[in-house]
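Novice: Prediction below, plus the sequence it came from.
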Number of protein chains: 2
Amino acid sequence: MLFVDGGVCAPKGFLASGIGCGIRKAGKKDLALIVSQKRCAAAGVYTKNLVKGAPIIVTQEHIKNGYARAVIVNSGNANTCNDNGIDIAEGMCELVEKFTGVSSSDVVVGSTGVIGQKLSLEPISCGMPALVMGLGKNSEDAATAIMTTDTVKKEVAVKFELGGKTVKMGAIAKGSGMIHPDMATMLVFVTTDAAINPEMLQKALEFSIQDSFNMISVDRDTSTNDTMVVLANGMAENQEIISEGKDFDAFKAALYELSLDLSRRIAKDGEGATKLLECVVTGAKSAEDARKIAKSVICSPLLKCAMFGSDANWGRVLCAIGYAGADVDVTKVAVGFKSEAGEIRVCENGGGIEFSEEKAKEVLSCGDIIINATLGDGNATATAFGCDLTYDYVKINGDYRS
Amino acid sequence: MLFVDGGVCAPKGFLASGIGCGIRKAGKKDLALIVSQKRCAAAGVYTKNLVKGAPIIVTQEHIKNGYARAVIVNSGNANTCNDNGIDIAEGMCELVEKFTGVSSSDVVVGSTGVIGQKLSLEPISCGMPALVMGLGKNSEDAATAIMTTDTVKKEVAVKFELGGKTVKMGAIAKGSGMIHPDMATMLVFVTTDAAINPEMLQKALEFSIQDSFNMISVDRDTSTNDTMVVLANGMAENQEIISEGKDFDAFKAALYELSLDLSRRIAKDGEGATKLLECVVTGAKSAEDARKIAKSVICSPLLKCAMFGSDANWGRVLCAIGYAGADVDVTKVAVGFKSEAGEIRVCENGGGIEFSEEKAKEVLSCGDIIINATLGDGNATATAFGCDLTYDYVKINGDYRS
């Protein structure tokens, strides 16, 4: 498997576009479109929050037959908790039909931004001609148009072999605040020219998120609009994947690698973040215990602040392990920190050991920090992705709406 | 029931003292002692964190017979995750015996501060003469000596009648960061001259924390050292409470009111906090659902930031209700904000309503904010206590150890 350029337009037959239509201020891009030349097998996973954005309800309805062909997404307004939300989301799909000919029931729709402010179709309608005219190998524009407080756009593509055919898979994603996915992350749209039926596509999707998007947390707030949709148009002409086997494994592995890459990028671009934190738990009794512990550590506001301050306050790691709700013998825990500046052990058998504070400061002053927690209780492992908690997180969220 | 002065020294027969012995820097008070003239019925609740401070293990052992007479507490070091922790905690109790004659097995011990740094008995031993000489009606000194990042000391006392006798109850508490109690809060020591046996005292304690300390969250980090201990020395000469009934109800009510008062103060003095947040949930299907929702709202970092910025971003309230894990119909939820500047409704039937942003800003610019969430699903209610998330929280915790 190789990483390649092109984002969602890397696979054959996918075009994308992104424009500013006036939902966000100051001419920022806020409307994205992805269209496939051929109808695609489609699979999706969504937030488990009981408050669900209207676009999710419409998308679920549209892809329940297993097929879709286009994706339209706006940023700047979540179209959530509005009594006309469904009509607006349906209206966005109808605009796609009107301007591209893709049946509105084959359109996936997404919205991200402020909750509870009515979204008007007018700017979207006015923007449609430019949006459609912009269709091309423009994954970057689409990736930019779905950003809110993100500071970097997130797109990725890979290529790999399926039964002698070269297959590509690309994705764009956004997510910065309100990130604690439970089923999927904020917004992730994946395209592939692989031939795979909807059932196997859904299966691959559910597998791939478990140790990637579902292991990110920026702030423990599970969004109302988390959506991840994969579209597979079959134009790579591999033999269609309709069951388990070597091809399915290869496809699943590619989707997982791509998800993992995006997960790291989303965590690193958490609101206000200066550092990517990865908590690697080894030696857990079960995968479930390992996941609980890794996520608990990555979620601790106190640890997140300590990492911001490059302070090797490992007691906060122990504390977060202790309240994770996992089955663990805390007297056997060892903790270390690692970065490109080196590695340092700070705790063994649940207690402190002598270490150089100077060296620790050096290790923790890097941008990507790995927190190793070795439990000595078994063989299960898990990794969770998060970021530090900074002044800027408070600044960004103290006055988000204005 | 009346609030009175005197803290833990308000009830008959309790003396307290607080000094600086050098565990904390710059001559800050860091060692507290409370002694009763008579042996007391004793009850305690402790953190559910699997990582438990050594003082908790020693305290549990000392009061398992239901009796105690003194409390010694240091701040500046949590005596947790150290291999000699138990010896040090026992050593602190033995110092109390040596200098006061109270049997070491009747001593409750507490420590709060950094986790995983060895605590030396030496400064405590050197400080004992001054600590004992300072014993008097000095609840304030003891309250000051148990503070860490707290900015205000927390003490309270009440008086009430039990069978014609006037009974007093006092408490000191500390807690600012790592506050998300599960069984008790950071450190709370309650004294009373009521006569009550250990079983009924434990029962009253467990009742009183449920809707007070267990409903606070500053940062969702459940401490390793949470402890609440009540000592009742019987010197008010009421008929000893040995069963349910009118007297027990009156005692329980007093302990609950006192706990509630301290809970508000702990939440308001959360690390870096500028505002006390109370989420009042009404109309829930069950008390359990109400508690889950109130706590979920109070814990949302996004909402906490919005409250810091006086931003009426009610979508974040809905979002937190949606992921609370409670049984709730989100299409019936109404939300309002209230403070001394007035009250404003911002959401009905799960959706936004027109409101004056100016008025909302005014309401949210006060120091004590009530977030009303009306569910319309039943009759259960709950209130949770929290605080805003500010730059100072990050500052305090970015470099706590230095």
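Specialist: Received it, and whenever you're ready, just let me know what you need.
Novice: The residue in the stretch 251-400 of chain A positioned nearest to chain B: what's it in contact with?
Specialist: Distance from chain B to each residue of the stretch 251-400 of chain A (CB to the nearest CB) is smallest for A:Gly315, at 2.6 Å. The way it works is simple: take the backbone N, C-alpha and C, and place the C-beta from them, glycine included. Taking CB atoms under 8 Å, 6 or more residues apart in numbering or on different chains as the contact definition, A:Gly315 lies against A:352, B:78, B:80-81, B:114-116, B:224.
Novice: again with A:Val109
Specialist: Going by CB under 8 Å, 6+ apart, A:Val109 touches A:55, A:58-59, A:62, A:71-73, A:89, A:92-93.
Novice: out of the contacts of A:Gly315, who's nearest B:Ala16?
Specialist: Minimum distance to B:Ala16 across these is 21.6 Å, recorded for B:Ala78 (CB to CB).
Novice: How many neighbouring residues does that closest one have?
Specialist: If you count neighbours by other CB atoms under 10 Å in any protein chain shown, B:Ala78 ends up with 28.
Novice: one step back: max pairwise distance over the contacts of A:Gly315: which two?
Specialist: Within those, A:Gly352 and B:Thr224 form the most distant pair, 13.4 Å apart (CB to CB).
Novice: Could you list the low-confidence segments of the stretch 101-250 of chain A?
Specialist: Within the stretch 101-250 of chain A, the stretches with pLDDT under 70 are A:176-186, A:218-223.
Novice: Okay, helices next: where are they in chain A?
Specialist: Along chain A, counting by DSSP state H, helices occupy A:54-63, A:85-100, A:122-133, A:139-145, A:198-210, A:246-268, A:287-299, A:301-308, A:315-322, A:357-364, A:391-398.
Novice: any chance of the ones you listed in JSON lines, plus distance to A:Ala173?
Specialist: Output for those, formatted as JSON lines (distance: least, CB to CB, whole Å):
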{"stretch": "helix A:54-63", "distance to A:Ala173": "16"}
{"stretch": "helix A:85-100", "distance to A:Ala173": "20"}
{"stretch": "helix A:122-133", "distance to A:Ala173": "20"}
{"stretch": "helix A:139-145", "distance to A:Ala173": "8"}
{"stretch": "helix A:198-210", "distance to A:Ala173": "12"}
{"stretch": "helix A:246-268", "distance to A:Ala173": "5"}
{"stretch": "helix A:287-299", "distance to A:Ala173": "19"}
{"stretch": "helix A:301-308", "distance to A:Ala173": "22"}
{"stretch": "helix A:315-322", "distance to A:Ala173": "27"}
{"stretch": "helix A:357-364", "distance to A:Ala173": "27"}
{"stretch": "helix A:391-398", "distance to A:Ala173": "19"}
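Novice: Nearest to B:Gly270, out of those?
Specialist: Shortest distance between B:Gly270 and those, using CB to CB, is found for helix A:301-308: 11.0 Å.
Novice: partners of A:Gly76 in the sheet?
Specialist: Beta-bridge pairing for A:Gly76 (DSSP bridges): A:Gly113.
Novice: Could you count how many residues lie near it?
Specialist: A:Gly76 has 24 neighbours, counted by other CB under 10 Å.
Novice: hang on, A:Ser300 packs against A:Leu318?
Specialist: No. Applying CB atoms under 8 Å as the test, A:Ser300 and A:Leu318 come out as separate, 10.5 Å apart.
Novice: Quick one: residues contacting the closest residue to A:Ala284 other than its chain neighbours.
Specialist: Leaving out its chain neighbours, the residue that sits closest to A:Ala284 by CB to CB, 6 or more residues apart in numbering or on different chains is A:Ala290, at 3.6 Å. Residues near A:Ala290 by CB under 8 Å, 6+ apart: A:281-282, A:284, A:326, A:375, A:380-382.
Novice: now A:Met200
Specialist: A:241-243, A:248, A:251.
Novice: Among those residues, find me the one that's closest to chain B.
Specialist: Nearest to chain B out of those is A:Phe251 (CB to the nearest CB; 31.3 Å).
Novice: Contact partners for the closest residue to A:Lys304 other than its chain neighbours?
Specialist: Nearest residue to A:Lys304, sequence neighbours excluded (CB to CB, 6+ apart): A:Leu389, at 3.6 Å. A:Leu389 makes contact with A:272, A:301, A:304-305, A:308, B:394, B:397, according to CB under 8 Å, 6+ apart.
Novice: Neighbour count, pLDDT and distance to B:Asp368 added to these, as a markdown table?
Specialist: Below are the contacts of A:Leu389 laid out as a markdown table (neighbours: other CB atoms under 10 Å in any protein chain shown; pLDDT from 0 to 100; distance: CB to CB, whole Å):
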| residue | neighbour count | pLDDT | distance to B:Asp368 |
| --- | --- | --- | --- |
| A:Gly272 | 25 | 87 | 27 |
| A:Pro301 | 28 | 87 | 22 |
| A:Lys304 | 30 | 92 | 27 |
| A:Cys305 | 27 | 92 | 25 |
| A:Phe308 | 26 | 94 | 29 |
| B:Val394 | 25 | 88 | 23 |
| B:Asn397 | 27 | 82 | 24 |
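Novice: Count the residues that sit near A:Lys395.
Specialist: A:Lys395 - counted by other CB under 10 Å - has 16 other residues nearby.
Novice: Just the buried ones from the contacts of A:Met200, in ChimeraX syntax?
Specialist: Command for ChimeraX that selects the buried part of the contacts of A:Met200, burial taken from 16 or more other CB atoms under 10 Å in any protein chain shown:
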select /A:241,248,251
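Novice: For the stretch 301-402 of chain A, which residues are neighbours of chain B?
Specialist: By the rule CB under 8 Å from any CB of the partner chain, the part of the stretch 301-402 of chain A lying against chain B is A:301-302, A:305-306, A:308-309, A:311, A:313-316, A:318-323, A:328, A:330, A:347, A:349-352, A:389-391, A:393-402.
Novice: A:Arg345 versus the residue nearest to A:Lys304, what's the distance?
Specialist: Computed as CB to CB, to the nearest Å, the A:Leu389 to A:Arg345 distance reads 25 Å.
Novice: before we move on, what about A:Phe99?
Specialist: Remark: distance between A:Phe99 and A:Arg345 (CB to CB) = 60 Å.
Novice: So if we follow the domain assignment, how does chain A break up?
Specialist: Following automatic domain parsing, one finds the domains of chain A at A:2-268, A:276-398.
Novice: Relative to the whole chain's centre, how far out is the last one?
Specialist: Using CA atoms, centre = their mean, to the nearest Å, we find the averaged C-alpha position of domain A:276-398 to lie 22 Å away from the chain's own average C-alpha position.
Novice: Same question for the first one.
Specialist: Distance of domain A:2-268 from the chain centroid (CA atoms, centre = their mean) equals 10 Å.
Novice: Contacts only, for the closest residue to chain B within the stretch 1-150 of chain A.
Specialist: Evaluated by CB to the nearest CB, the stretch 1-150 of chain A has A:Ile115 as its residue closest to chain B, separated by 2.6 Å. Contact partners of A:Ile115, counting by CB under 8 Å, 6+ apart, are A:78, A:80-81, A:224, B:313, B:315-316, B:318-319.
Novice: 10 Å instead?
Specialist: A:51, A:53, A:77-82, A:178, A:223-225, A:401, B:313-319, B:347, B:352 (CB atoms under 10 Å, 6 or more residues apart in numbering or on different chains).
Novice: again, but for A:Leu121
Specialist: Neighbour list for A:Leu121: A:84, A:87-92, A:94-95 [criterion: CB under 10 Å, 6+ apart].
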